[in-house]
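> Here is my input; please provide its structure:
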Amino acid sequence: RRRGIAGTIKNCCFDASSTHSWLLSAEVKLTTHVLYPLAGPEALTVQEKRGMDPDLWLEGPDKVREVDPTTRLHLVEAVLLLLAAGRRARNTIRQERTYVVLHTADMVEEDERVSSRIDECVQYLRRDEEGTHEGSSDEQTMLALLPSSSASVMTTSSTNYDDVD
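Residues are numbered from 1 along each chain as shown. Sure, this is the predicted structure:
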């Protein structure tokens, strides 16, 4: 059942119309729902938790990562499709601290297919956008997480992610 839902979510992410902005909006919070089964019991630092949805780390050591590798693969591919949607989508996904969840999941991932897809996602998340200086994607993410910029993070939910890239 979870595999079917993960596959459906992945298929929804294929749609190149305006659904990406809706899927990434604060109303839907798709990123959190996709990352939840990928998050595990690993302890995170305060810095890693900053900007991340608390649902992803509040269970602590009791959290169980999705056991089915095909379901994990569908979820990681959904993230990859959203990352490929454009620069604004990538920035939103970066601010939601997706890298932290994927990085910790990759450290314990045994399935090579899933690990390979996680690596592709990490490449999207860590790379610098065209026309920016080296390390700028990490800097922008950290600046967005500062308390003074919380209002600007909240306003990104109405952004059209399909118009930029």
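
> how distant is stretch 71-89 from the center of its chain?
Offset of stretch 71-89 from its chain centre (CA atoms, centre = their mean, to the nearest Å): 7 Å.

> scratch that, stretch 4-22
Centre to centre, stretch against its chain (CA atoms, centre = their mean), the figure for stretch 4-22 is 14 Å.

> Over to it now: how far is its first residue from its last?
21 Å (CA to CA, to the nearest Å).

> Please apply the same query to stretch 39-58.
End-to-end distance of stretch 39-58 (CA to CA): 11 Å.

> Tell me the buried residues in that stretch?
Ala39, Gly40, Glu42, Leu44, Glu48, Gly51, Met52, Asp53, Leu56, Trp57 (16 or more other CB atoms under 10 Å). Every residue, glycine included, has its C-beta placed from N, CA and C.

> Format those residues as a markdown table; extra columns: distance to Ser25, pLDDT and secondary structure.
Below are those laid out as a markdown table (distance: CB to CB, whole Å; pLDDT from 0 to 100; DSSP: H, G, I helix; E, B strand; the rest coil):
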| residue | distance to Ser25 | pLDDT | secondary structure |
| --- | --- | --- | --- |
| Ala39 | 21 | 92 | coil |
| Gly40 | 26 | 90 | coil |
| Glu42 | 28 | 91 | coil |
| Leu44 | 25 | 88 | coil |
| Glu48 | 24 | 88 | helix |
| Gly51 | 17 | 85 | coil |
| Met52 | 17 | 88 | coil |
| Asp53 | 14 | 88 | coil |
| Leu56 | 18 | 87 | helix |
| Trp57 | 22 | 88 | coil |
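
> In terms of distance to Leu102, which of those ranks first?
Each of the buried residues of stretch 39-58 was scored against Leu102 by CB to CB, and Ala39 proved nearest at 9.6 Å.

> so how far is Arg87 from the closest one?
The gap separating Ala39 from Arg87 is 25 Å, by CB to CB, to the nearest Å.

> cool, Asp53 as well?
Taken as CB to CB, the span from Asp53 to Arg87 is 22 Å.

> tell me the SS of the residue nearest to Gly7 when sequence neighbours are not counted?
Distance criterion CB to CB, 6 or more residues apart in numbering; nearest residue to Gly7, sequence neighbours excluded, is His74 at 5.0 Å. Of the three states, His74 takes helix under DSSP: H, G, I helix; E, B strand; the rest coil.
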